[in-house]
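# got a structure for you, letters missing:
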Ligand code: NAP
């Protein structure tokens with residue numbers, strides 16, 4: 001089968017309609033929206049464009065299914081998740097192709113995301129069986145204290161385009177495990193991966209109405225009525241801090257329980273005692289994974305002054321050796337950015353830094369032709385006032401600044417309203433612990449360039465978010481605590 005024929009066959013196998021109450025259906029009024037290939041700028045297909053009425057129908061279905069789903073044995077919920085974990089891995093090649101076509105990243109990266117996404121189902125399959133309560137004798141012995149954990153109820157998920165499957169399974173997995181029903185609205189740029197995931201869950205026996213999937217060209221108009229609906233009990237959002245702030249404000253009217261996985265501005269600190277080879281390896285992962293379009297991307301490198309030039313030239317050599325192209329092509333490592341707006345923003349940040357005195361050691365420009373490509377870029381001697389050190393880049397750009405002391409490095413790292421993740425490279429154990437304790441972030445990669453792990457609590461502090469996904473903490477976001485005071 002030719003590559004183009006295989007791409008078409010895989011796309012044809014993916015549903016393109018809304019999934020509500022266990023049925024695939026067109027949007028109310030039959031509206032559609034186009035999904036684009038960011039490597040070519042061409043439309044891949046049309047999908048259903050939900051209206052606010054569709055969103056309400058989806059919530060109706062979630063509400064109608066809640067009691068029965070909550071009463072479904074944990075063993076059954078765990079089995080569905082486990083089977084879905086297996087199917088995701090069995091079908092990784094096709095799922096990765098769908099993801100690459102709509103999102104752009106290289107096939108190997110899409111496959112890695114499918115494996116990562118599947119891990120949340122494996123992890124929460126186990127967590128479904130470990131929802132515990134407690135019973136104790138009150139301190140004065142006059143009564144007994146019974147504590148029970150119950151599903152919070154119908155939940156609403158909004159996810160971004162950068163990790164189209166994993167950002168879904170990180171919410172859908174714990175919700176299924178906890179016994180919550182849900183409405184999921186993925187990003188309009190990457191709906192196909194969400195449809196494919198819903199198809200797999202349906203095949204694994206997830207009852208109709210537990211997961212309801214709506215795609216829309218107008219996210220605020222479908223989200224608004226759901227967040228305002230008193231039947232909704234939980235809002236979990238992954239996306240930008242700007243949109244997260246608005247959603248928290250909307251959720252306040254209903255005092256909704258919220259989880260917010262928001263933007264980042266990750267510092268990558270390299271101390272003078274670091275293993276430089278390991279730091280370059282870590283930097284390649286932390287910077288170039290997902291074309292730099294990750295909330296965990298190293299946004300700025302702060303390097304001990306004595307190592308800064310050497311690190312910059314080694315990183316430039318590695319980044320300059322990466323092959324850029326359409327993610328479906330053999331050997332391509334770096335795909336296009338998601339759209340022209342995102343590419344324009346990256347170019348603007350690079351121009352601002354260079355205009356303020358930074359030196360472009362590698363790249364620095366958009367790549368002409370079709371698609372939204374940008375050159376892997378390394379900027380040296382970036383001055384403190386450059387916007388690129390303060391704003392989330394979301395592209396393959398590595399700005400490097402230097403520091404003279406540990407204190408200065410930590411102060412620079414913390415000088416941001418964000419607090420998602422930081423990376424620290426040092427061989428000195430005392431310094432490692434000192435710095436880790438001082439950093440104002442929810443996560444730290446210590447001598448490694450990646451923190452993502454289904455069994456660990458992922459999330460940020462400050463304006464990077466509220467709550468944790470994954471780990472033992474992940475299921476807590478979907479459980480309520482009820483206490484019964486027992487008269488004995
Ligand atoms: P975004 O613009 O905030 O969009 C995220 C999602 O919110 C999309 O589904 C979008 O729908 C929807 N949305 C936008 N405005 C909305 C509104 N007014 N009401 C309801 N929904 C709305 O973010 P993005 O550009 O897709 O993703 C990149 C951002 O996500 C970055 O800041 C990144 O750091 C963050 N992120 C954080 C994490 C984490 O775990 N902390 C993980 C991944 C990404 P449309 O598609 O229709 O616009």
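That came in fine, so what should we check first? This structure is a prediction, so every number in the text was calculated from the model and none was measured.

# Excluding sequence neighbours, find me the nearest residue to the residue nearest the centre of the chain.
When C-alpha atoms, centre = their mean is applied to the chain, the residue found nearest the centroid is residue 167 (4.3 Å). Nearest non-adjacent residue to residue 167, counting by C-beta to C-beta, 6 or more residues apart in numbering: residue 159, 4.2 Å away. C-beta coordinates here come from the backbone N, C-alpha and C atoms, glycine included.

# So which bits of the stretch 51-200 of the chain are right by the ligand?
158, 159, 160, 161, 162, 163, 167, 187, 188, 189 (C-beta under 6 Å from any ligand atom).

# Most widely separated two among those?
163 and 188 (15.5 Å; C-beta to C-beta).

# Mind pulling the model confidence for residue 4?
Looking at residue 4, its pLDDT is 85.

# Relative to the ligand, which residue of the stretch 101-250 of the chain is the closest?
Closest residue of the stretch 101-250 of the chain to the ligand, C-beta to the nearest ligand atom: residue 239 (2.7 Å).

# That residue: how many residues sit nearby?
Residues contacting residue 239 under the criterion other C-beta atoms under 10 Å number 21.

# Torsion angles phi and psi at it?
Per-residue torsions, residue 239: phi 170, psi -160 (degrees, to the nearest 10).

# Go ahead and confirm it touches residue 264.
No - if you go by C-beta atoms under 8 Å, residue 239 and residue 264 don't touch, sitting 11.9 Å apart.

# ok, which stretches of the stretch 301-450 of the chain are helices?
308-320, 340-355, 406-414, 429-438 (DSSP state H, counting those that start in this stretch).

# Bridging across strands, which residues link to residue 267?
Taking DSSP bridges as the rule, residue 267 bridges to residue 300.

# related to what we said a few turns ago, out of the helices of the stretch 301-450 of the chain, nearest to the ligand?
helix 340-355 (7.6 Å).

# The closest one packs against which elements?
The contact analysis (3 or more C-beta pairs under 8 Å, 6 or more residues apart in numbering; DSSP states H and E) places helix 340-355 against strand 377-380, strand 397-403.

# Tell me which of the ones you listed approaches residue 194 most closely.
Evaluated with C-beta to C-beta, those place strand 397-403 nearest to residue 194, the distance being 28.6 Å.

# outside of the closest one, which residues touch it?
Contacts to strand 397-403, defined as C-beta atoms under 8 Å, 6 or more residues apart in numbering, come from residues 283, 287, 292, 298-305, 308, 311-312, 315, 319, 346, 349-350, 353, 358, 363, 374, 377-384, 386, 388-389, 393, 409, 412.

# run the last query once more with 6 Å
Contact partners of strand 397-403, identified using C-beta atoms under 6 Å, 6 or more residues apart in numbering, comprise 287, 300-303, 305, 308, 312, 350, 377-380, 382, 388, 409.

# any idea how far residue 191 is from the residue nearest to residue 167?
Separation of residue 159 from residue 191 (C-beta to C-beta, to the nearest Å): 10 Å.

# for this protein, where's the lowest mean pLDDT among helices and strands?
When each helix and strand of the chain is scored by mean pLDDT, DSSP states H and E, helix 3-12 comes last, with a mean of 92.

# Determine how far that helix lies from the middle of the whole chain.
27 Å (C-alpha atoms, centre = their mean, to the nearest Å).

# Stretch 211-227 too?
Using C-alpha atoms, centre = their mean, the offset of stretch 211-227 from its chain centre is 18 Å.

# go on, stretch 251-259?
Using C-alpha atoms, centre = their mean, the offset of stretch 251-259 from its chain centre is 21 Å.

# now do stretch 134-148
40 Å.

# residues in contact with it?
By C-beta under 6 Å, 6+ apart, the list of residues contacting stretch 134-148 reads 133, 482, 483, 484, 485, 486, 487, 488.

# Confirm for me that residue 259 is in contact with residue 477.
Yes - between residue 259 and residue 477 a contact is recorded at 4.9 Å, counting by C-beta atoms under 6 Å.

# per-residue confidence for residue 1?
pLDDT, residue 1: 69.

# Correction: the previous question concerned residue 70.
98.

# how about it, what does it touch?
Going by C-beta under 6 Å, 6+ apart, residue 70 touches 151, 179.

# Counting neighbours, which bits of the host helix or strand of it end up buried?
Using DSSP states H and E, residue 70 sits in helix 52-71. Of all the residues in helix 52-71, those buried under the rule 16 or more other C-beta atoms under 10 Å are 52, 54-63, 65-66, 69-70.

# Next: stretch 216-229.
Of all the residues in stretch 216-229, those buried under the rule 16+ other C-beta under 10 Å are 216, 219, 222, 223, 226, 227, 229.

# Determine whether the claim that the fifth one is in a helix is correct.
Read that as residue 226. Yes - counting by DSSP: H, G, I helix; E, B strand; the rest coil, residue 226 is located in a helix.

# low pLDDT regions in the protein?
For the chain, the stretches flagged by pLDDT under 70 are 1.

# what's the domain layout of it?
For the chain, automatic domain parsing gives the domain ranges 3-263+464-485, 266-417+421-453.

# re earlier: wait, which of the buried residues of helix 52-71 is closest to the ligand?
Nearest member of those to the ligand, counting by C-beta to the nearest ligand atom, is residue 55, at 10.7 Å.
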